[in-house]
Structures are given as structure tokens and as C-alpha cells.
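here's a sequence, model it:
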Amino acid sequence: MYLFMNMLFQKQVEPRDTTPTPEGEGFVAREQETDHNHPPEGY
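Okay, here's the model as predicted:
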């Protein structure tokens with residue numbers, strides 16, 4: 001895949017931090033929604 005996308009020489013500039021930010025602490029992903037935040041009667 002890397003060869004196909006011509007990314008053989010791509011490097012990470014800075015390693016990703018593994019500690020959460022103050023805003024991200026306690027983050028829980030939402031459950032999958034059925035209405036996708038659209039009103040039931042439509043627009």
C-alpha cells in the first residue's frame with residue numbers, strides 16, 4: 001500500500017502524545033444513532 005501511494009519515504013514529524021488532553025479526559029464515544037439528529041417529521 002505504501003508503495004502504491006508513493007509514501008515509502010514518509011516519516012512521522014513528531015511522535016503522538018499518549019496522555020489525554022484536559023478536554024479529552026473521560027471521553028466516551030456515542031452509541032450508534034438511528035435518527036442521525038434529524039427530526040422525525042423531516043425538514
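
so which helix or strand takes in the spatially most central residue of the chain?
The chain has residue 29 as the residue nearest its centroid, 10.5 Å off, counting by Cα atoms, centre = their mean. Residue 29 belongs to no helix or strand when assigned by DSSP states H and E.

check what pLDDT it gets.
pLDDT, residue 29: 79.

what separates residue 33 from residue 13, distance-wise?
For residue 33, the distance to residue 13 equals 36 Å [Cβ to Cβ, to the nearest Å]. Bear in mind the C-beta positions are built from the backbone N, C-alpha and C, glycine included.

more neighbours, the two?
residue 33 (8 against 5; other Cβ atoms under 10 Å).

quick one: that one and residue 6, what's the gap?
Separation of residue 33 from residue 6 (Cβ to Cβ) stands at 38 Å.

now residue 34
41 Å.

cool, residue 14 as well?
From residue 14 to residue 6 the distance is 22 Å (Cβ to Cβ).

who has more neighbours out of the two?
residue 6 (8 against 5).

let me know the pLDDT of residue 2.
On the pLDDT scale, residue 2 gets 63.

any idea how far residue 3 is from residue 30?
Residue 3 is 37 Å from residue 30, by Cβ to Cβ.

same check, this time on residue 42
When residue 42 is compared with residue 30 (using Cβ to Cβ), they lie 22 Å apart.

check residue 21 too.
Distance of residue 21 to residue 30, computed by Cβ to Cβ: 19 Å.

have a look at those two and say which one is more surrounded.
residue 21 (8 against 5).

flag the shaky bits of the protein, pLDDT-wise.
2 (pLDDT under 70).
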